[in-house]
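[1] just the structure for this:
(2 chains)
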Amino acid sequence: MILKSLSVPVGEFEKGTGWAIKPEGACLGEICVPLSDAVTDGNVDVEIVATRLGMPIVHHSGVWALGPASLSGHTLPSAVAPELQLPDVNGNMFSLSSLRGQKVLIVSWAPY
Amino acid sequence: MWQALRKELHPLGLEIVTVGLEVLGTEACRPFIEAAAPEHPSLVDVDHVMASLFGVINIPNGVWINEEGVIVRPAEPASLPSRQPRGTTVPDGLPQRMTDIMTEAMKIKFDPNAYEIALRDWVKNGSSSEYVLSPDEVVTRSGKRDPSVGGAAAHFSLAQHLWNAGDKDAAITHFREAHRLQPENFSYKRQAWSLVPPPEAGPFARFWQGPGEGGQDEWPFESDWLSEIRAMGPENYYPTFTK
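    Purely as a prediction, here's the structure:
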C-alpha cells in the first residue's frame, strides 16, 4: 500500500490492507488486534498500527509503502481467501468475492 | 490455453481468473490478453499484490478456491499441457544469451499433465477430491511470512511506484532491497530484470533478464535469470506438484 501520509482515513487503510478497523481493534477474519489510541477522528496512525500488526514501512522522499502483516508467521493467516480487487484491461474493477458460489482458479502470469 | 479449458469446465462450476503481474501496467499485458480472447476475468496487477495476499513467488502459478471462498490449494506452479507441439531444440539464429536461456528453460521440470489431471479431479469431485488440502495444510504450504518477506513486499511496492513516477534509480534501489529480503521470490526478480534490458536485446528485451555482452558493470542488479537458474539447477526452479 502506497501512502502520502502516515495518517490516513480509516476507509483508505481498510481498502489498502484488508484489515477492518472495529471497536475491538484491527480485524482480519477471526483475528483482532487491539489498537486503543491508534485511531483518532476517523484517521489511522499508520506507524502505531504497523507496529502492532507487524507491517513493515519503507520510505522515499515523501512516499511510504506499507507491507503486509506478519503476525501469523505464514502468508495465509487462515485458509479463507483474502479479498482480491484488481482492474481488468479496460479499467473495470473486479472483486474475487463476486465469484462466491463457484470454484475459482486464479492463474498468475507475466509478459516477461 | 486457459481459455480453452475454461470453456470446457465453466459449465461444471469452475471460473478462471487470470492475473498479469506487470509493473508496466495494462498496455504491457493487453496484447497477450487480446490474443487469448478470454471469456473469464483477466486482471492486471501492477503492485504484485498476489505475492502479499496469496504468496505468489513465481509464474505461472495457480490458487484453488472453493465455492465457500476457502482456499483448498495455495499458490503453486500451474501450467497446462501445450495444445501445440513443443520444440525440443533451440531454434537457430538467436543471440547467444537467448540460446542459453532457452537451453536452461528446456531443463525446467514441471508436469503439466499432472496439474491438469488434478484440476479436473477437483472440478469433478469437489471437496472429495484427493487433491483438496485441509485448511491447516493450506496455511502451512502458503509459505512463511516474517518481517523480511513483508519488508520485501513493501520495498517492491515502493519500487513500482517510483518506477512509474519516473524515478528509476530510486526504484532500482528498492527492487534490489526486495530481492535481498526475499531471494526466493522470482516474480520480483524477473519483473525488475525485465525493465532494464541492454540495447542488444532488441526484440527479446523483456526476456533478456540480464546484462549485455561485456556489460556486467552496467547491470544494476546483483544477479540475473541465467546466473540464478544455473546456480540452483533448472530442475529446482519449480517445486514438484504434490497431493
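
[2] run through chain A and note the low-pLDDT ranges.
    Within chain A, no stretch has pLDDT under 70.

[3] that one: strands as residue ranges?
    Applying DSSP state E to chain A gives strands spanning A:2-3, A:7-9, A:20-22, A:25-28, A:31-33, A:39-40, A:43-45, A:57-60, A:63-66, A:85-87, A:93-95, A:103-109.

[4] so which of the ones you listed is nearest residue B:69?
    Nearest of those to residue B:69, taken as CB to CB: strand A:103-109 at 8.6 Å. Where you see a C-beta, it was placed from the backbone N, CA and C, and this is true even at glycine.

[5] picking up where we left off before, pipe the strands of chain A into CSV and attach mean neighbour count and distance to chain B per row.
    Below are the strands of chain A laid out as CSV (neighbours: other CB atoms under 10 Å in any protein chain shown; distance: least, CB to the nearest CB, whole Å):
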stretch, mean neighbour count, distance to chain B
strand A:2-3, 16, 5
strand A:7-9, 16, 15
strand A:20-22, 15, 15
strand A:25-28, 20, 11
strand A:31-33, 16, 12
strand A:39-40, 14, 22
strand A:43-45, 19, 17
strand A:57-60, 17, 5
strand A:63-66, 23, 4
strand A:85-87, 16, 4
strand A:93-95, 13, 5
strand A:103-109, 24, 4
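
[6] and after the longest helix seen in chain B, which helix or strand comes next?
    Longest helix of chain B, by residue count under DSSP state H: helix B:147-164. On the C-terminal side of helix B:147-164, the nearest following helix or strand under DSSP states H and E is helix B:168-181.

[7] between that next one and helix B:147-164, how big is the angle?
    Helix B:168-181 runs at 160 degrees relative to helix B:147-164, counting by axes from the mean of the first three to the mean of the last three CA atoms, to 10 degrees.

[8] and helix B:168-181, what other elements does it pack with?
    strand A:57-60, helix B:147-164, helix B:186-194 (3 or more CB pairs under 8 Å, 6 or more residues apart in numbering or on different chains; DSSP states H and E).

[9] ok, now with 6 Å
    On a contact count with 3 or more CB pairs under 6 Å, 6 or more residues apart in numbering or on different chains; DSSP states H and E, helix B:168-181 meets helix B:147-164, helix B:186-194.

[10] Serialize the ones you listed to TSV and add fields for mean neighbour count, mean pLDDT and distance to residue B:66.
    Shown next, in TSV, are the helices and strands packed on helix B:168-181 (neighbours: other CB atoms under 10 Å in any protein chain shown; pLDDT from 0 to 100; distance: least, CB to CB, whole Å):
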stretch	mean neighbour count	mean pLDDT	distance to residue B:66
helix B:147-164	24	98	26
helix B:186-194	23	98	25
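
[11] using a markdown table, lay out those together with distance to residue B:61.
    Converted to a markdown table, the helices and strands packed on helix B:168-181 look like this (distance: least, CB to CB, whole Å):
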| stretch | distance to residue B:61 |
| --- | --- |
| helix B:147-164 | 16 |
| helix B:186-194 | 8 |
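
[12] what number of residues lie near residue 30?
    Since you didn't name a chain, this refers to chain A. 8 (other CB atoms under 10 Å in any protein chain shown).

[13] ah, no, chain B please
    So residue B:30, with other CB under 10 Å, has 16 neighbours.

[14] repeat for residue B:201
    Neighbour count of residue B:201, defined by other CB under 10 Å: 19.

[15] and it, how far is that from residue B:195?
    Distance, residue B:201 to residue B:195, using CB to CB, to the nearest Å: 12 Å.

[16] geometric centre of chain B: which residue is closest?
    Residue closest to the average C-alpha location in chain B (CA atoms, centre = their mean): residue B:59, at 1.6 Å.

[17] can you pull the contacts of the residue nearest the centre of chain A?
    Chain A has residue A:17 as the residue nearest its centroid, 0.9 Å off, counting by CA atoms, centre = their mean. By CB atoms under 6 Å, 6 or more residues apart in numbering or on different chains, the residues touching residue A:17 are residue A:1.

[18] please repeat the previous calculation with a cut-off of 7 Å.
    Residue A:17 makes contacts with A:1, A:66, as judged by CB atoms under 7 Å, 6 or more residues apart in numbering or on different chains.

[19] tell me how far residue B:98 lies from residue B:208.
    From residue B:98 to residue B:208 the distance is 7 Å (CB to CB).
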